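Trainee: Need coordinates for the following:
(chains A and B)
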Number of protein chains: 2
Amino acid sequence: MPERKGHYTVALSSRPTILGYAAVVGKKEGEGPLARYFDAIYQDTTMGEKTWEKAESALQKEAFTRALDKAGFSPSQVNFLFAGDLLNQNIASTFGLRESHIPLLGQFGACSIMAQTLSMASIFVDSGAADLCSAVTSSHFCTAERQFRYPLEYGGQRPPTSTWTATASGSVVVGLGGNGVRVADVCIGRVVDLGITDMNNMGAAMAPAAADTLYNFLQDTGTKPSDYDLIVTGDLSAIGSSLMKDLMQRKGYTFGEEYNDCGLMLYDRQTQDVHAGGSGCGCSASVLCSYILQKMEKKEWNDVLFIATGALMSPTSSQQGESIPGIAHLVHLVTTAQ
Amino acid sequence: MPERKGHYTVALSSRPTILGYAAVVGKKEGEGPLARYFDAIYQDTTMGEKTWEKAESALQKEAFTRALDKAGFSPSQVNFLFAGDLLNQNIASTFGLRESHIPLLGQFGACSIMAQTLSMASIFVDSGAADLCSAVTSSHFCTAERQFRYPLEYGGQRPPTSTWTATASGSVVVGLGGNGVRVADVCIGRVVDLGITDMNNMGAAMAPAAADTLYNFLQDTGTKPSDYDLIVTGDLSAIGSSLMKDLMQRKGYTFGEEYNDCGLMLYDRQTQDVHAGGSGCGCSASVLCSYILQKMEKKEWNDVLFIATGALMSPTSSQQGESIPGIAHLVHLVTTAQ
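Mentor: Coordinates of the predicted model:
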């Protein structure tokens, strides 16, 4: 049963298990340093579909189906599906998962969705509201560019602070018992807005939210960064993760080798022309659902904080002069049942 | 603690309480038959803001603040905020609730959001994951027209099947014990898509989802429509609610006087020129958070099924030839603690 631990953290006493997981990615992600950890790499990122949006839906369907297959369940056994994406009205999820016929609770937290959906799935399972839940999210470079920036054909210049939206999807299946990585705690983030208005510098907009959530969790649990094998933020990338470390240092916390960021892990920044790094819901989702969970299953890491970060603006809010609010949700993953 | 009841329904054994609620609406809604039940009616639907989107955020902030005040709590006492709206990337919620500094779990289910956020808040409270949660949603005629249909200045003709998006927001505060209407069960809906493609006939697109969720709930609980004082759908309006009744009749269920639809309750269809009726997240939210909950507090109704319905398309999906998937979530409200 879920129990409140401090002001922000919820401890999950049954430690729900990630019974299956999968990450599927596009060509560029498949050329990066994590290639061998992915379940599938699609050279054709249209996925054979007529539009980029339908391609992103297809990616989500693939990740969802593969995770469920690996867990050994059929869709009819899943009680709830927690899913969301960056597209207007969550259409990648809605259309991608439409045929699953599973009760759907659409989630929105921009690029923090993997942590949000995994948190919800874990709380539902821990509480008894569900026996089995799926969590899934995605992003696609071409849908995100069209919706948030410029049509691809325009060939807009990308400034050095910009990040590259991952073409990727990740999914997990959460239940009780069995073998797999466990969810020990979740810490849901608040909206934090320090007034950043540059849509090409999302890392800076999200860094304060990541620092806020991590600080709240460390305070609630009385732990420090070095207590964990890995503390990984969602997609702050180069600029944001540096800012996050600065903000945490001001609050008295320093990081060693245990800190990393999914946006810095998915691509080789030296050779892959991604500027500040990777971003998008699919970035943290695909890194979690491949490299991180595989390393944990091998017990190379036993205690991990996964903090996915989201920038909650829309093109409309930015055109109306609004700043970019950030949010970050944290999931504490462990390899032991107690 | 939440307990599964049948395949789709979750029973909440503590029956979380709606400790406070509020509905705020615009001028047109304030001229309708429910006027005297609302907490505030704004003659100026700009809310003094420079854009319609900021006005919708202001509406949400009003509903959230009033509900919390009525419940006698401050924002710092709320553990989680479940909020969402129709706007791209949920900006009405994000910007409207940004200053509350409450951990936020953004929800998306189109016009089903009031039932979705209330369900989530109730499950979290019942499970022990939270002591106190807020749920809030909104819609605004002018933001919805701009985003989903035509610029207002264009003066597009509205066909008879179309509905009028409510300018309204509703919010509830959910906790344990105390006085107020109780949440006994929730039933989360699946995506149902029978192939409707007409964006001006959302009622028809959502009716099959409403029938699916209601049927699942009645089967899970072994009850029939006449067991309830009121069964109220979200915003099917005239065409959709008639279709829903037909679909239920084919499954062996008939309705008497106990059935109604929020889209038929919010406006006077004879005089207010709303065509098929009202719609939008704010429609079911404002009818629930005024008329329905007030009638229940007076024990005029003791057993109510609130089924908010959503159409999960985006302009992009419709332009790409996709049909309109529907979804509906059900909340079973009662006036007794056991």
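Trainee: what's the offset of the helix or strand containing residue A:171 from the middle of its chain?
Mentor: Using DSSP states H and E, residue A:171 falls within strand A:168-175. Between the centre of strand A:168-175 and the centre of its chain there are 10 Å (Cα atoms, centre = their mean, to the nearest Å).
Trainee: strand partners of it, parallel vs antiparallel please.
Mentor: Strand A:168-175 sits in its sheet next to strand A:17-26 (antiparallel), strand A:132-139 (antiparallel), going by DSSP bridges.
Trainee: Looking at these, spot the one closest to residue B:146.
Mentor: Shortest distance between residue B:146 and the strands paired with strand A:168-175, using Cβ to Cβ, is found for strand A:132-139: 25.5 Å. Bear in mind the C-beta positions are built from the backbone N, C-alpha and C, glycine included.
Trainee: Distance check, whichever residue of chain A sits closest to chain B against residue B:126.
Mentor: In chain A, the residue that lies nearest chain B is residue A:127 (3.3 Å; Cβ to the nearest Cβ). According to Cβ to Cβ, to the nearest Å, residue A:127 and residue B:126 sit 8 Å apart.
Trainee: Then residue A:110?
Mentor: 28 Å.
Trainee: So if I had to pick from these two, which one is more boxed in?
Mentor: The residue with more neighbours, out of residue A:110 and residue B:126, is residue A:110; 32 against 26, by other Cβ atoms under 10 Å in any protein chain shown.
Trainee: ok, now which ones touch the more buried one?
Mentor: Residue A:110 is in contact with A:86, A:281, A:310-312, A:327, B:89, counting by Cβ atoms under 8 Å, 6 or more residues apart in numbering or on different chains.
Trainee: For the residue of chain A closest to chain B, give me phi and psi.
Mentor: phi -80, psi -20 (degrees, to the nearest 10).
Trainee: Tell me how many other residues surround it.
Mentor: Applying other Cβ under 10 Å, we find 24 other residues in the vicinity of residue A:127.
Trainee: Confirm for me that it is in contact with residue B:3.
Mentor: No: with contacts counted by Cβ atoms under 8 Å, residue A:127 stays clear of residue B:3, the gap being 9.6 Å.
Trainee: Please identify the residues of the stretch 151-300 of chain A in proximity to chain B?
Mentor: Taking Cβ under 8 Å from any Cβ of the partner chain, the part of the stretch 151-300 of chain A that reaches chain B is made up of A:188-191, A:193.
Trainee: make it 6 Å
Mentor: Selection of the stretch 151-300 of chain A residues close to chain B by Cβ under 6 Å from any Cβ of the partner chain yields A:188, A:190-191, A:193.
Trainee: Drop anything exposed from these.
Mentor: Restricting these to buried positions leaves A:188, A:190-191, A:193, with burial counted as 16 or more other Cβ atoms under 10 Å in any protein chain shown.
Trainee: Can you add secondary structure and pLDDT and give those back as JSON lines?
Mentor: Below are these laid out as JSON lines (DSSP: H, G, I helix; E, B strand; the rest coil; pLDDT from 0 to 100):
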{"residue": "A:188", "secondary structure": "coil", "pLDDT": "98"}
{"residue": "A:190", "secondary structure": "coil", "pLDDT": "97"}
{"residue": "A:191", "secondary structure": "coil", "pLDDT": "97"}
{"residue": "A:193", "secondary structure": "coil", "pLDDT": "94"}
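Trainee: now those residues as a markdown table including distance to residue A:319?
Mentor: Shown next, in a markdown table, are those (distance: Cβ to Cβ, whole Å):
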| residue | distance to residue A:319 |
| --- | --- |
| A:188 | 29 |
| A:190 | 25 |
| A:191 | 20 |
| A:193 | 17 |
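Trainee: Report the two of those separated the most.
Mentor: Most distant of these, by Cβ to Cβ, are A:188 and A:193, 16.8 Å apart.
Trainee: Write out the residues of the stretch 1-150 of chain A neighbouring chain B.
Mentor: With Cβ under 6 Å from any Cβ as the criterion, the stretch 1-150 of chain A comes near chain B at residues A:1-3, A:10, A:51, A:53, A:88-91, A:94, A:98, A:101, A:103-104, A:106, A:108-109, A:123, A:127-129.
Trainee: So which of those residues sit within strands?
Mentor: A:2-3, A:10, A:104, A:106, A:108 (DSSP state E).
Trainee: In ChimeraX, how would I select just the buried ones from these?
Mentor: A single ChimeraX command selects the buried members of those (16+ other Cβ under 10 Å):
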select /A:2,10,104,106,108
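Trainee: What segments of the stretch 151-300 of chain A are helices?
Mentor: In the stretch 151-300 of chain A, the helices defined using DSSP state H, counting those that start in this stretch lie at A:202-221, A:237-250, A:262-265, A:281-287, A:293-297.
Trainee: For the contacts of residue A:110, name the two members farthest from one another.
Mentor: Counting by Cβ to Cβ, the most remote pair of these is A:86 and A:327, 13.4 Å apart.
Trainee: So those two - more neighbours on which side?
Mentor: Neighbour count, other Cβ under 10 Å: between residue A:86 and residue A:327, residue A:327 has more, with 32 against 29.
Trainee: what about the more buried one, which SS state?
Mentor: What DSSP: H, G, I helix; E, B strand; the rest coil gives for residue A:327 is strand.
Trainee: List the residues that contact it.
Mentor: Shown in contact with residue A:327 (Cβ atoms under 6 Å, 6 or more residues apart in numbering or on different chains): A:109, A:112, A:189, A:191, A:209, A:310, A:312.
Trainee: quick one, what contacts the first one?
Mentor: Counting by Cβ under 6 Å, 6+ apart, residue A:109 makes contact with A:116, A:310, A:327, B:106.
Trainee: Take these and write them to CSV, including pLDDT and distance to residue A:304.
Mentor: Formatted as CSV, the contacts of residue A:109 follow (pLDDT from 0 to 100; distance: Cβ to Cβ, whole Å):
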residue, pLDDT, distance to residue A:304
A:116, 98, 17
A:310, 97, 19
A:327, 98, 20
B:106, 98, 24
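Trainee: Between those, which sits nearest residue A:263?
Mentor: Comparing these against residue A:263 with Cβ to Cβ picks out residue A:310 as the nearest, at 12.6 Å.
Trainee: Tell me if that closest one really is in a helix.
Mentor: No: under three-state DSSP, residue A:310 sits outside any helix and is assigned strand.
Trainee: Identify the residue nearest it in space, chain neighbours excluded?
Mentor: Of all residues not flanking residue A:310 in the chain, residue A:110 sits nearest, at 3.1 Å (Cβ to Cβ, 6 or more residues apart in numbering or on different chains).
Trainee: roughly how far apart are that neighbour and residue A:311?
Mentor: Separation of residue A:110 from residue A:311 (Cβ to Cβ): 5 Å.
Trainee: hey, what's residue A:138 bridged with?
Mentor: Beta-bridge pairing of residue A:138 under DSSP bridges involves residue A:85, residue A:169.
Trainee: which residues touch it?
Mentor: Residues near residue A:138 by Cβ under 6 Å, 6+ apart: A:56, A:59-60, A:85, A:92, A:169, A:282.
Trainee: Save these as a markdown table, and put in pLDDT too.
Mentor: Formatted as a markdown table, these follow (pLDDT from 0 to 100):
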| residue | pLDDT |
| --- | --- |
| A:56 | 98 |
| A:59 | 98 |
| A:60 | 98 |
| A:85 | 97 |
| A:92 | 96 |
| A:169 | 98 |
| A:282 | 98 |
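Trainee: Give me the buried positions along stretch A:177-185.
Mentor: For stretch A:177-185, the neighbour count (16+ other Cβ under 10 Å) marks A:180-185 as buried.
Trainee: For stretch A:141-157, give me every contacting residue.
Mentor: By Cβ under 6 Å, 6+ apart, stretch A:141-157 touches A:52-53, A:56, A:86-87, A:165, A:167, A:315.
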